[in-house]
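Asks: need a 3D model of the sequence below.
(one chain, ligands or ions: 1)
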Amino acid sequence: MPIINACLGIIYNKLENSVLLACRPEGKPFAGYWEFPGGKLERDESAFAALIRELNEELDIIVAIPNLSYLDQIEYQYPHALVTLDIILVTAWQNEPQPLEGQKLFWYQLDKDIELEPLLPTTAKIFELLANYL
Ligand SMILES: Nc1nc2c([nH]c(=O)n2[C@@H]2O[C@H](COP(=O)(O)OP(=O)(O)OP(=O)(O)O)[C@@H](O)[C@H]2O)c(=O)[nH]1
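Replies: Numbers count the residues shown, from 1 in each chain. Here you go, the predicted model:
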């Protein structure tokens, strides 16, 4: 069973108490599902380096290491692979996030009970985990 190492960013707007979610675009597996922005680690790439690269490629934002905090790692068994996900909190960034890959973006307010569906299975799991950190 292949193992995929990926990272994702919890892009947190403290004033609004919201986090940025992206909807996976057409053509990708799980198209239409809401996820946290991020992607796969390249060979020999650290989780922070991968996240900085992915956020720039997907959202046109620039993040610096002092504004990143490593929160946790979760594993999820998909039918095709075991995915490990490094979860990284992003507390500051430059530029307004842009949907560079045609994905929909949504600032999800943590204290409002908005139904956003469908979620990747890991997104629901990560929301539970965030209650410990935010
Ligand atoms: N970005 C992101 N990926 C997630 C989340 N949850 C989750 O299981 N994944 C998985 O982590 C992996 C990262 O996927 P990706 O397709 O976004 O990565 P990528 O941009 O490198 O994909 P690409 O190979 O199509 O360019 C996928 O297997 C994806 O299903 C999440 O919340 N955000």
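
Asks: near the ligand, which residues of this protein are found?
Replies: 4, 6, 8, 28, 30, 35-40, 76, 83, 85, 120, 122-123 (CB under 6 Å from any ligand atom). C-beta coordinates here come from the backbone N, C-alpha and C atoms, glycine included.

Asks: show me what contacts the closest residue to L82 other than its chain neighbours?
Replies: On the basis of CB to CB, 6 or more residues apart in numbering, the spatially nearest residue to L82 that is not a chain neighbour turns out to be I3, at 5.0 Å. Taking CB atoms under 8 Å, 6 or more residues apart in numbering as the definition of contact, the neighbours of I3 are A81, L82, V83, T84.

Asks: before we move on, what about Y12?
Replies: So, once contact is read as CB under 8 Å, 6+ apart, Y12 ends up touching S18, V19, L89, V90, T91, L134.

Asks: now the helix or strand containing it: buried residues?
Replies: The secondary structure element spanning Y12 is strand 3-13 (assigned by DSSP states H and E). Residues of strand 3-13 classed as buried under the neighbour-count rule (16 or more other CB atoms under 10 Å) are N5, A6, C7, L8, G9, I10, I11, Y12, N13.
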